[in-house]
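*Asks:* here is a sequence with its predicted model. Questions after.
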Amino acid sequence: MKKKVALVIGGNGGIGSSIVERLLSDGFFVCTTFFQNKDQIERIQNEQDNFKAYQCDVNDSDIVKNVIDSIITEFNVIDIVVFSVASNYKNNLILNLNWDEISDHFNLQIKSMFLVIQAMSEQIKLKYKTKFIVILSEVCKGQPPNGFSAYVTSKYAAMGMAKTMALELARYNCRVNMVSPGLVETNLLSEIPKKMIEIAAINNPLKQNTLASDVAKTVSFLASKDADFLNGANIPVNGGNVLF
């Protein structure tokens, strides 16, 4: 049987690379995009055969279309698309923000998703069962943390787009689901005080922060046949820290 193809947008990050490795172990041929920080990508390339990486500015429509067209030309279809792009957490109150800081988050979370969907429109209209999985955050439920308004707002917007996609793309036999992890200790937290991260773990009912592998396992389930009837679901992976 022909291997199924997964595309991970942002597979060079802590969560993204864990998702890439899990999907590889599940038997997918995995393609991924990265913009910088190629270390994780090179490590996976050295260890895996069923893997291809594309350097990509996900806010550039021509580059995104070229990447999508290249994958579809080579493999015919893309079975799974995971959106796992993110930028560093920055603790900054809304009164001290400028619009560029907010729009940067929106472009990364929303424009990139829009450009990928547009580039895949021909495949989508063929009603091939494509699964889209959007990585959100537990901040999309309950009281958001102070000082992260740009990040929180962009994740809410991504959730809104994912829900809209779930409804509109269902007629084309697609599935769109979301994963909302708690705090994951990756390089994105480099500007967050270590004490703050330790307190988050202490306050979690399971007394630890979310692992990237926990997120990857959930993505693996959503990518499997067992999740074929799930559409528009948002699965929390946070040890009960925030109840959805």
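*Replies:* Thanks, I have it.
*Asks:* kindly give the local confidence score, pLDDT, for Asn146.
*Replies:* Asn146 carries a pLDDT score of 86 in this model.
*Asks:* skip the chain neighbours and tell me the closest residue to it.
*Replies:* Distance criterion C-beta to C-beta, 6 or more residues apart in numbering; nearest residue to Asn146, sequence neighbours excluded, is Leu93 at 7.1 Å. Backbone N, C-alpha and C define where each C-beta goes, glycine included.
*Asks:* next one, pLDDT for that neighbour please.
*Replies:* On pLDDT, Leu93 comes in at 90.
*Asks:* need the contact list for the residue nearest to Thr33 when sequence neighbours are not counted.
*Replies:* Using C-beta to C-beta, 6+ apart and skipping the chain neighbours, the partner closest in space to Thr33 is Cys56 (4.0 Å). Applying C-beta atoms under 8 Å, 6 or more residues apart in numbering to Cys56 gives the contacts Thr33, Phe34, Phe35, Ile63, Val64, Val67.
*Asks:* pull out the buried residues from the helix or strand where Gln40 lies.
*Replies:* Secondary structure from DSSP states H and E places Gln40 in helix 39-47. Buried residues in helix 39-47, defined by neighbour count with 16 or more other C-beta atoms under 10 Å: Gln40, Ile41, Ile44.
*Asks:* between those residues, which is nearest Leu97?
*Replies:* Closest to Leu97 out of the buried residues of helix 39-47 is Gln40 (29.7 Å), distances taken as C-beta to C-beta.
*Asks:* distance of that closest one relative to Ser17?
*Replies:* Note on Gln40: its distance to Ser17, by C-beta to C-beta, to the nearest Å, is 4 Å.
*Asks:* circling back: what helices or strands is the helix holding Gln40 leaning on?
*Replies:* For helix 39-47, the elements it packs on are helix 14-25, strand 51-55, judged by 3 or more C-beta pairs under 8 Å, 6 or more residues apart in numbering; DSSP states H and E.
*Asks:* tell me which of these sits most buried.
*Replies:* Highest mean neighbour count of these: helix 14-25, a mean of 24 (counted as mean count of other C-beta atoms under 10 Å).
*Asks:* quick check: Ser180 is in a strand.
*Replies:* Yes - counting by DSSP: H, G, I helix; E, B strand; the rest coil, Ser180 is part of a strand.
*Asks:* burial of the residue lying closest to it once chain neighbours are set aside, as a residue count?
*Replies:* Nearest residue to Ser180 in three dimensions, chain neighbours excluded: Leu136, at 4.5 Å (C-beta to C-beta, 6+ apart). Neighbours of Leu136 under the rule other C-beta atoms under 10 Å: 22.
*Asks:* same deal with Ala166?
*Replies:* Neighbours of Ala166 under the rule other C-beta under 10 Å: 21.
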